[in-house]
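Visitor: For reference, the sequence and a predicted model appear below.
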Amino acid sequence: MEIERDLVSPDAENDELQIEAALRPKRLGEFIGQGRVREQLSLVLESALRRRRPPDHVLMSGSPGLGKTTLAMIVAAELNAPLRITSGPALERAGDLAAILSTLAEGEVLFIDEIHRMARPAEEMLYLAMEDFRVDIIVGKGPGATAIPLDISPFTLVGATTRAGLLPAPLRDRFGFTAHMDFYEVSELEQVLYRSAKLLRVTLPDEGAHEIARRSRGTPRIANRLLRRVRDFADMRADGLINQEIASAALNLYEVDANGLDRLDRAVLGALLKKFGGGPVGLSTLAVAVGEEAETVEVVAEPFLVRQGLLARTPRGRVATAAAWSHLGMTPPPDAFGAPLLD
Ligand SMILES: Nc1ncnc2c1ncn2[C@@H]1O[C@H](COP(=O)(O)OP(=O)(O)OP(=O)(O)O)[C@@H](O)[C@H]1O
């Protein structure tokens, strides 16, 4: 079974990238939510500016669509520094990274998205670059190979990962500041929606904003996407009025459920309850049951289901909570949460 990428998929689709760019907050002061990260980052950046030195390297971890790329761009903007963007999968060989590092301008911000997917030789080159602003260029092969050290300009690395746990410790330790991005509160998503509505020239009453925010899976990217779909629906069916009823009808039409669960979330929960009696079941078995890659289930669906209190990760596997059974309107078997109690 192939799960279609849904309206609430946290990944950006191609035609969406342009709209996203237009909706991106450009400065830290415009960035909504993630209060602690914002405050810590602003201290790091301010003190770097005062010392006239590039700040410590920054690692950002969190689910897709929570604003990691946006924050990386903001870091460069706040430092008034140029920004270079690449991603882990593009750095297949050490030479790919050397070509970038050796051409960085002084103080430039290098953003590596999906940094956990970088090839090993590139990763090792990065250690030295991050620590000593130096790369060793290997010339020749085999026993005759020599390493020629090359100084590079001091720079700031901003790494983003959806899977901080996969980063090797030597790499993780070289970041002076780690920002854990969490899902957004409904009230924060409302602020994201008001801001986007203004930029898109959409009239958004409070009740419409609330309905969209609470179904946005705690993710600004999804909130912005749902806003555009609800606007289309309201334009066609309600003279552009986005009240609670219209927002709710539009989101039902697009199969976003009342808690913002998407089709993949529901498929994972459904399989867990119907095929495995609520678990425990291993991640890969669960992924096969919904026809998805284990990584997709782990990175995309699980964090939100865990956050919603619908699924628990235990040493023996994934387990549905009581809330999951009631969310799908099912009755758990008597032994669903361990042995039944005897009177
Ligand atoms: N704090 C925020 N305030 C307002 N808008 C935000 C915020 N965070 C993200 N957004 C919006 O969500 C969109 C997606 O954010 P972004 O691309 O930065 O996410 P990401 O975490 O880098 O995702 P991915 O890992 O998939 O690249 C942006 O276009 C931006 O409009």
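Guide: Ah, there it is.
Visitor: Name the residues of the stretch 51-200 of the chain found near the ligand, please.
Guide: Selection of the stretch 51-200 of the chain residues close to the ligand by C-beta under 6 Å from any ligand atom yields 64-70, 113, 192. Any C-beta I mention is one placed from the backbone N, CA and C, and that applies to glycine too.
Visitor: what ranges of the stretch 1-150 of the chain fall below the confidence cut-off?
Guide: 1-10, 12-14 (pLDDT under 70).
Visitor: Tell me which residue in it sits closest to the ligand.
Guide: residue 67 (2.7 Å; C-beta to the nearest ligand atom).
Visitor: what residues are up against that residue?
Guide: 31, 34, 181, 220 (C-beta atoms under 8 Å, 6 or more residues apart in numbering).
Visitor: Which members of the residues of the stretch 51-200 of the chain next to the ligand are positioned in strands?
Guide: Among those, the ones falling in strands (DSSP state E) are residue 113.
Visitor: Considering the residues of the stretch 51-200 of the chain next to the ligand, which possesses the most neighbours?
Guide: Highest neighbour count within these, by other C-beta atoms under 10 Å: residue 65, with 29 neighbours.
Visitor: Once you drop chain neighbours, what's closest to it?
Guide: Of all residues not flanking residue 65 in the chain, residue 221 sits nearest, at 3.2 Å (C-beta to C-beta, 6 or more residues apart in numbering).
Visitor: can you pull the buried residues of the helix or strand where that neighbour lies?
Guide: Per DSSP states H and E, residue 221 falls inside helix 220-237. Of all the residues in helix 220-237, those buried under the rule 16 or more other C-beta atoms under 10 Å are 220-227, 229-231, 233-234.
Visitor: Same check on stretch 128-139?
Guide: Within stretch 128-139, the residues scored as buried using 16+ other C-beta under 10 Å are 128-130, 135-136.
Visitor: Number of residues surrounding residue 253?
Guide: 13.
Visitor: Got phi/psi on it?
Guide: phi -60, psi -40 (degrees, to the nearest 10).
Visitor: before we move on, what about the one 10 residues further on?
Guide: According to degrees, to the nearest 10, the main-chain angles of residue 263 amount to phi -60, psi -40.
Visitor: thought it was touching residue 254?
Guide: No. When contacts are counted by C-beta atoms under 8 Å, residue 263 is not listed as touching residue 254 (10.5 Å).
Visitor: Quick one: end-to-end length of stretch 200-209, please.
Guide: 14 Å (C-alpha to C-alpha, to the nearest Å).
Visitor: Could you tell me which of the contacts of residue 67 count as buried?
Guide: 31, 34, 181, 220.
Visitor: Contact partners for the third one?
Guide: Right, residue 181. 34, 37, 60-63, 66-68, 71 are the contacts of residue 181 under C-beta under 8 Å, 6+ apart.
Visitor: hmm, back to that, and which of the residues of the stretch 51-200 of the chain next to the ligand is nearest residue 162?
Guide: Nearest to residue 162 out of these is residue 64 (C-beta to C-beta; 6.0 Å).
Visitor: could you check the distance from the closest one over to residue 240?
Guide: 31 Å (C-beta to C-beta, to the nearest Å).
Visitor: tell me the SS of the nearest residue to residue 230 once chain neighbours are set aside?
Guide: Nearest residue to residue 230 in three dimensions, chain neighbours excluded: residue 250, at 4.5 Å (C-beta to C-beta, 6+ apart). Of the three states, residue 250 takes helix under DSSP: H, G, I helix; E, B strand; the rest coil.
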